[in-house]
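1. have a look at this prediction, sequence included:
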Amino acid sequence: MSKKRGLSLEEKREKMLQIFYESQDFFLLKELEKLGPGKGVITQSVKDVVQSLVDDDLVSKDKIGTSVYLWSPPSCAGNQVTKSQLRNVYWKLESDVQSSKRRLAELADQCNALKKGREESDEREEALSNLKKVEEKYNELKDEMAEYADNDPAAFEAMS
């Protein structure tokens, strides 16, 4: 005697979506409960499967009068993102935010550490002024050296 294994929830969801995509029609839950067994989904689980599809925005649901209509055009199928995909993207973005916050805190600490010893003072102003004068003198001498580079004996010998 062979036992037939039942369909997983994911398989049931796919089978129920096929009903919507193949017919491109609107359905009442009662109609889906009749069509489900033809696709291998038992009547008792149709309601739960359809509700999970509605929860994941794969099937639309609207109440008109006293009836609740369900539909899912196949054109929407390619644009659907599963909850698990959204959850994965969410957790990755959360992780990125947390690592960015840690990096910001590290950089703020580093900035504060670099500011130590650089407080405004007369000594610092004087030292910066002297540094600027020395840099200007260095650049002048460097320019003057460039003028005499054509007469450099070492450069002259290297050309020979």
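-> Thanks, I have it.
2. in the helix or strand bottoming out on mean pLDDT in the chain, what's buried?
-> Confidence across the helices and strands of the chain bottoms out at helix 153-159, with a mean of 70, counting by mean pLDDT, DSSP states H and E. For helix 153-159, a neighbour-count test (16 or more other Cβ atoms under 10 Å) marks nothing as buried. C-beta here means a position set from N, CA and C on the backbone, and glycine is covered the same way.
3. so what touches it?
-> Outside of helix 153-159, the residues that reach it under the criterion Cβ atoms under 8 Å, 6 or more residues apart in numbering are Ala149.
4. alpha carbons only: can I get it in PDB?
-> Coordinates of each C-alpha in helix 153-159 appear next as PDB, following Å, rounded to 0.1, in the frame of the first residue of the first chain:
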ATOM      1  CA  PRO A 153      76.500  68.700 -14.400                       C
ATOM      2  CA  ALA A 154      75.000  65.400 -13.200                       C
ATOM      3  CA  ALA A 155      72.000  65.900 -15.600                       C
ATOM      4  CA  PHE A 156      74.400  66.900 -18.300                       C
ATOM      5  CA  GLU A 157      76.500  63.800 -17.900                       C
ATOM      6  CA  ALA A 158      73.400  61.500 -17.800                       C
ATOM      7  CA  MET A 159      72.400  62.900 -21.200                       C
END
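5. what mean pLDDT does the longest helix anywhere in the chain get?
-> Of all segments of type helix in the chain, defined using DSSP state H, the longest is helix 83-115. Confidence over helix 83-115, taken as the mean pLDDT, stands at 86.
6. immediately after it, which helix or strand?
-> Past helix 83-115, further along toward the C-terminus, the next helix or strand under DSSP states H and E is helix 122-148.
7. from the chain's centre, how far out does that next one sit?
-> 50 Å (Cα atoms, centre = their mean, to the nearest Å).
8. swap in stretch 23-42?
-> Between the centre of stretch 23-42 and the centre of its host chain there is 37 Å, according to Cα atoms, centre = their mean.
9. pull the residues that contact it.
-> When contacts are taken as Cβ under 8 Å, 6+ apart, the neighbours of stretch 23-42 outside the stretch itself are 6-7, 11-12, 15-16, 18-20, 43, 45-47, 49-50, 67-71, 73-74.
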